[in-house]
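Asks: Please find the sequence and the predicted model below.
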Amino acid sequence: MLTTLSVQLLFLFNPVNSVLQQLYCTIADSCNCDFKPNIKGLEWDLYRNLYGQHLVQDIVSEEVAKFLQNKNPDRPLVLSFNGPSGTGKTLVSSMLGNHLYGSAMSSPYVHQFVPTLHFPLPDRVKQYREDLKSWVQGNLTECARSVFFFDEMEKMPPGVVDVLEPFLGPSHVVFRTNYRKAIYVFIGTTGEEVITRVALENRQAGRDREEIKLHDLQEALAQTVHNSSTSGFFNSSIIQQRLITRFVPFLPLCRHHVERCVRSQLCSQGLCSRDDVVEAVGGAMTYTPFQGHYFSSTGCKAVTAKINLFL
Ligand SMILES: *[C@@H]1O[C@H](CO)[C@@H](O)[C@H](O)[C@H]1NC(C)=O
Ligand SMILES: *[C@@H]1O[C@H](CO)[C@@H](O)[C@H](O)[C@H]1NC(C)=O
Ligand SMILES: *[C@@H]1O[C@H](CO)[C@@H](O)[C@H](O)[C@H]1NC(C)=O
């Protein structure tokens with residue numbers, strides 16, 4: 001009865017009124033906010049617009065679909081995106097936002113934390129922990145289906161994100177009821193050496209990139225983010241308790257992947273036919289290791305600036 005009433009209220013008064021929204025969320029326990037997931041759209045976007053990342057395509061589609069199909073998940077979805085810069089971590093984050101919310105990344109339920117902006121000083125960890133806990137708690141009270149992105153985890157002062165431990169697990173500690181429907185994504189470069197080494201060994205053994213299995217990297221990434229002093233997960237109970245659902249490894253890109261990024265960028269400017277620019281930009285990038293030149297050092301990161309040099 002109460003729930004029906006609150007639904008009617010919601011239609012009578014625009015839910016933009018956040019007091020009503022909050023009331024509705026508290027009573028109904030199924031507040032879906034602006035949540036309009038489009039899993040097929042996400043899969044298609046990952047498949048079409050992300051280059052050279054078969055592990056990412058598989059894991060992200062699979063985990064997100066599985067999580068959203070469960071109306072009553074027993075723990076939130078916690079992903080850790082790891083890999084060198086320019087390999088698509090930010091791109092996949094925006095794909096997630098775009099296909100989960102009606103108003104995409106600008107949705108009030110998509111939250112982004114950047115250490116250099118929100119948590120710049122290592123000696124303020126205690127304060128940051130309090131801030132972060134109260135933000136996340138407040139945000140989840142407004143919308144259970146909130147998404148939290150933590151950028152540049154390699155710059156996050158150790159200890160800060162640990163305050164989220166009770167939110168990430170299946171524990172019975174109750175901060176209101178709805179915290180298990182949230183999605184957390186931790187993004188960073190920590191672990192890139194491990195990923196690059198596996199990719200290199202695979203390449204030197206003459207195997208296809210697609211033969212790299214997630215299994216080869218999960219445990220190594222968990223240990224690396226835990227042991228590395230330049231990691232927001234340094235000595236973190238979140239790792240010790242295995243609260244990360246999946247580590248998502250972004251592999252270093254090869255020249256033909258970078259060239260696909262260039263082509264796609266050119267096409268969006270109506271210049272699909274400029275093979276000369278594709279070739280020139282591909283040739284102007286730096287590749288490692290010295291022996292073999294297999295992987296681009298900057299991936300697709302500097303592509304736009306480079307294109308302008310050759311147009
Ligand atoms: C939600 O999080 C943001 C930071 O992203 C914070 O500024 C805001 O106060 C939080 N909202 C609530 C209701 O706590
Ligand atoms: C991380 O630290 C643990 C415990 O000290 C150790 O057993 C493990 O080998 C380390 N792993 C890496 C990849 O350094
Ligand atoms: C790791 O955390 C434990 C407590 O959880 C602490 O006793 C230990 O000193 C920490 N280690 C490092 C290297 O900070």
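Replies: Now that the structure is in, tell me what you want to look at. Numbers count the residues shown, from 1 in each chain. Ligands and ions are numbered 1, 2, ... in the order given.

Asks: Could you list the contact residues of this protein toward ligand 1?
Replies: H111, W135, G138, N139, E142 (C-beta under 6 Å from any ligand atom). Backbone N, C-alpha and C define where each C-beta goes, glycine included.

Asks: So the second one is in contact with Y128, correct?
Replies: Looking back up the chat, that one is W135. No: the pair W135 / Y128 is not scored as a contact, 10.3 Å apart, by C-beta atoms under 8 Å.

Asks: got the contact list for G86?
Replies: Residues near G86 by C-beta atoms under 8 Å, 6 or more residues apart in numbering: L253, S296, T298, G299, C300, K301, A302.

Asks: Output these in a markdown table; the columns should cover secondary structure and distance to ligand 2.
Replies: Listed next are these as a markdown table, based on DSSP: H, G, I helix; E, B strand; the rest coil; distance: C-beta to the nearest ligand atom, whole Å:
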| residue | secondary structure | distance to ligand 2 |
| --- | --- | --- |
| L253 | coil | 24 |
| S296 | strand | 26 |
| T298 | coil | 26 |
| G299 | coil | 24 |
| C300 | coil | 28 |
| K301 | coil | 27 |
| A302 | coil | 30 |
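
Asks: So, low pLDDT: which residues of this protein?
Replies: Low-confidence regions of the chain, defined here as pLDDT under 70, cover residues 1-32, 103, 171-178.

Asks: which one of W135 and Y128 has more residues nearby?
Replies: Y128 (22 against 14; other C-beta atoms under 10 Å).

Asks: helices or strands next to the helix or strand containing that one in the packing?
Replies: Assignment of secondary structure by DSSP states H and E places Y128 within helix 125-142. With contacts defined as 3 or more C-beta pairs under 8 Å, 6 or more residues apart in numbering; DSSP states H and E, helix 125-142 has these neighbours: helix 18-28, strand 110-113.

Asks: quick one: buried residues of that helix?
Replies: Under the neighbour-count criterion of 16 or more other C-beta atoms under 10 Å, helix 125-142 has V125, Y128, R129, D131, L132, K133, V136, N139, L140, T141, E142 buried.

Asks: Can you verify my assumption that the last one contacts Y109?
Replies: Yes: contact status for E142 versus Y109: in contact at 7.5 Å, counting by C-beta under 8 Å.

Asks: Show me the common contact partners of those two, please.
Replies: Residues touching both E142 and Y109 (C-beta under 8 Å, 6+ apart): C33.

Asks: Which residue ranges make up each domain of the chain?
Replies: 39-249, 253-310 (the TED database).

Asks: which residues does M156 contact?
Replies: By C-beta under 8 Å, 6+ apart, the residues touching M156 are P115, F119, F150, G188, S231, G232.

Asks: and what of E43?
Replies: Contacts of E43 by C-beta under 8 Å, 6+ apart are S61, A65.

Asks: Would you mind measuring from it to ligand 2?
Replies: 33 Å (C-beta to the nearest ligand atom, to the nearest Å).

Asks: go on, P122?
Replies: Plainly put, P122 is 22 Å away from ligand 2 if you go by C-beta to the nearest ligand atom.

Asks: Which secondary structure state does the closest residue in space to that residue that isn't next to it in sequence sit in?
Replies: Of all residues not flanking P122 in the chain, P157 sits nearest, at 4.4 Å (C-beta to C-beta, 6 or more residues apart in numbering). Classification of P157 using DSSP: H, G, I helix; E, B strand; the rest coil returns coil.

Asks: just checking, P157 touches Q127?
Replies: No: P157 is beyond contact range of Q127, at 10.9 Å (criterion: C-beta under 8 Å).

Asks: Measure how buried S61 is and give me the count.
Replies: By other C-beta under 10 Å, the residues close to S61 number 18.

Asks: for L309, that is, sorry about that
Replies: Neighbour tally, L309, other C-beta under 10 Å: 10.

Asks: what do you get for Y101?
Replies: The burial count for Y101: 24, using other C-beta under 10 Å.

Asks: show me what contacts it?
Replies: So Y101 contacts D34, F35, K36, S107, Y109, V110, V147 (C-beta under 8 Å, 6+ apart).

Asks: Name the nearest of those residues relative to R207.
Replies: V147 (35.3 Å; C-beta to C-beta).

Asks: now that closest one, nearest residue through space, not along the chain?
Replies: I183 (4.6 Å).

Asks: thought the one you found was touching F148?
Replies: Yes: contact criterion C-beta under 8 Å: I183 and F148 qualify, at 7.3 Å.

Asks: Pull up the overlap in contacts between these two.
Replies: In contact with both I183 and F148: no residue, using C-beta under 8 Å, 6+ apart.

Asks: returning to what we had before: most surrounded residue in the contacts of G86?
Replies: Within those, neighbour counts (other C-beta under 10 Å) peak at L253, which reaches 30 neighbours.
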